[in-house]
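Visitor: A structural model of the following input is requested.
(4 chains)
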Number of protein chains: 2
Amino acid sequence: MFKKVIIAEDFEEFNLAVKQTLNDFNIVNFQHAKYCDDALLKIRKAIQDNEPYDLLISDLSFKKDHREVKIISGDELIQKVREIQPDIKIIAYSIEEKGLRIKSLFENSEIDAYVLKGRNSIEELKKAINIISASDQKFISPEVASALQEKNNYEIDDVDIQILKHLSAGTSQDEMIEIFKNSDIKPNSKSAVEKRLSKLKDFFKANNTVHLVSITKDMGII
Amino acid sequence: MFKKVIIAEDFEEFNLAVKQTLNDFNIVNFQHAKYCDDALLKIRKAIQDNEPYDLLISDLSFKKDHREVKIISGDELIQKVREIQPDIKIIAYSIEEKGLRIKSLFENSEIDAYVLKGRNSIEELKKAINIISASDQKFISPEVASALQEKNNYEIDDVDIQILKHLSAGTSQDEMIEIFKNSDIKPNSKSAVEKRLSKLKDFFKANNTVHLVSITKDMGII
DNA sequence: CAGTGTTTTACGGAAAACCATAATCCGAAA
DNA sequence: TTTCGGATTATGGTTTTCCGTAAAACACTG
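Guide: Next up, the predicted model:
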């Protein structure tokens, strides 16, 4: 079982619940941080002191408030932690249900478990801790398990995302081309952008551009 | 102090936190419901049995799951409860920060307190309970207190929302007009819809329709 | 170097959206 | 009934987007 745990979570209520869960496991050596920056700092310090954490339980979205922070999302925090301490076990603990985001956490940040906050999340958190402490198995909440099976939309690259973001920000195609030309981005012709858009609309089964942006926003792509 | 409390909240973690808070107040007679339907049922029953609740603490947004429900949001629940038991005290307890929604709760459903879930919400919940148990004063979390001063954007009506929803669903203006004509919705001419759209774009400072849908989606209007 | 295939860009007509103005409808007041 | 004002609808012209086709650029091969 885990010996030293850190929790990154801004909401008091979730902190309380995780704390109690850890108590049930007789884990007493744990700390929590309400900001990602603090969490990373503590993890860094623990490594330096040769007393590293062996489990991180992290939320994904953190509320903005008066305080200025460098890391604004749990995704970033997890990414950075994985870099500086590759062997730490990580549980993502969030209300996020978007398949793409969850999949990316498993594939890019190699998280060990994804627990969806909801009507039964404490039980699932316990399951996750049990499983990943005893083995290298992964855990994912059943409600979102299907996310991992989602077929890869490898067809969509960075430029596509940029185009979508520009569209959603209200820039017209002509303006976008100007911007691309000024930034030396490779496809900087009207027809290239048009072709991309038509491919995207095809891929997402969108009737028109408005629909396309609506769909991709819902999917959390932009 | 309150004698009999009911909590409407789907997340286990918040239920736990509220439960502990009530314990701190030595309130032992409380129940919780994970679905709005259940909450309303219990409140009805309590009235019939002549042992009514004197406080409702309700979340606003509830997750959909396999179960079919009649009341899907806390706003509806609160409205209905206020109708059948006008003297019950009500605390809305939510992450919602939209001024309009909060304002409407105070004005239309006459809630007694609004506690914003966040980094310090348990303390605020305690304050709220203290204040509204002792008097008829209202309580609102400081982070959203300004919401009550927000001026109403009365300009946006039901038809506007419908238009936005249709747009975001991928129907073209022409198709929309057809639909409106077939459903006997009053403005069913091309120019009327165009006028509405141009007003909306003006109001939300949107460059074009794509931008407009993007903005209104972000604001949670559609 | 010619030949072939792929990608990027250019062009042009059709459709949709955009925008200003004019015509019509409709209820309230004179 | 007539007149007025506001809202709705109609019209026409401009811009933007859409979509197919063709040309050009590039790369790879024999």
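Visitor: Quick check: which element contains the residue nearest the centre of chain A?
Guide: With distances taken as CA atoms, centre = their mean, the residue of chain A nearest its centroid is A:D75 (3.7 Å). Element membership of A:D75 [criterion: DSSP states H and E] is helix A:74-84.
Visitor: following that helix, which helix or strand comes up?
Guide: Downstream of helix A:74-84, the first helix or strand assigned by DSSP H and E is strand A:89-94.
Visitor: avg pLDDT for the next helix or strand after that next one?
Guide: Stepping forward along the backbone from strand A:89-94, the first helix or strand reached (DSSP H and E) is helix A:99-108. Helix A:99-108 shows a mean pLDDT of 90.
Visitor: buried sites along helix A:99-108?
Guide: Residues of helix A:99-108 classed as buried under the neighbour-count rule (16 or more other CB atoms under 10 Å in any protein chain shown) are A:G99, A:R101, A:I102, A:K103, A:L105, A:F106. (Each C-beta comes from the backbone N, C-alpha and C, glycine too.)
Visitor: now do stretch A:20-27
Guide: Counting neighbours by 16+ other CB under 10 Å, one finds that the buried residues in stretch A:20-27 are A:T21, A:L22, A:I27.
Visitor: Excluding sequence neighbours, find me the nearest residue to A:N207.
Guide: The shortest distance from A:N207 to any non-neighbouring residue, by CB to CB, 6 or more residues apart in numbering or on different chains, is to B:G170 (3.6 Å).
Visitor: State the phi and psi torsions of the one you found.
Guide: Note on B:G170: its backbone torsions stand at phi 100, psi 10 [degrees, to the nearest 10].
Visitor: For the nearest residue to A:A46 once chain neighbours are set aside, give me its contacts.
Guide: In space, A:A46 comes closest to A:P52 once its chain neighbours are excluded; the distance is 5.0 Å by CB to CB, 6+ apart. Applying CB atoms under 8 Å, 6 or more residues apart in numbering or on different chains, one finds that A:P52 lies in contact with A:K4, A:I43, A:A46, A:Q85, A:I88.
Visitor: Which among those residues count as buried?
Guide: A:I43, A:A46, A:Q85, A:I88.
Visitor: DNA strand C versus the third one, what's the distance?
Guide: In this case it means A:Q85. Distance from A:Q85 to DNA strand C, counting by CB to the nearest atom of the strand, to the nearest Å: 39 Å.
Visitor: that older thread, which helices and strands does the helix holding A:D75 pack with?
Guide: In this structure, helix A:74-84 makes packing contacts with helix A:36-48, strand A:55-58, strand A:89-94, helix A:99-108, judged by 3 or more CB pairs under 8 Å, 6 or more residues apart in numbering or on different chains; DSSP states H and E.
Visitor: Just the mean pLDDT for it, thanks.
Guide: Averaging pLDDT along helix A:74-84 yields 97.
Visitor: List the buried residues in that helix.
Guide: A:G74, A:D75, A:L77, A:I78, A:Q79, A:K80, A:V81, A:R82.
Visitor: Looking at those, which is nearest chain B?
Guide: Sorting the buried residues of helix A:74-84 by how near they are to chain B, with CB to the nearest CB, puts A:G74 at the top with 14.9 Å.
Visitor: In this model A:I95 seems to touch the closest one, though I could be wrong.
Guide: No - at 11.4 Å, A:G74 and A:I95 do not qualify as touching, with contact defined as CB atoms under 8 Å.
Visitor: what is in contact with those two at once?
Guide: Counting by CB under 8 Å, 6+ apart, the contacts common to A:G74 and A:I95 are A:S61.
Visitor: is chain B contacted by stretch A:215-222?
Guide: Yes - when contact is scored as CB under 8 Å from any CB of the partner chain, part of stretch A:215-222 falls within range of chain B: A:K217.
Visitor: Run the chain-centre distance for that stretch.
Guide: 14 Å (CA atoms, centre = their mean, to the nearest Å).
Visitor: and if you look at stretch A:52-59?
Guide: Counting by CA atoms, centre = their mean, stretch A:52-59 is centred 15 Å from the centre of its parent chain.
Visitor: Alright, I will stop here.
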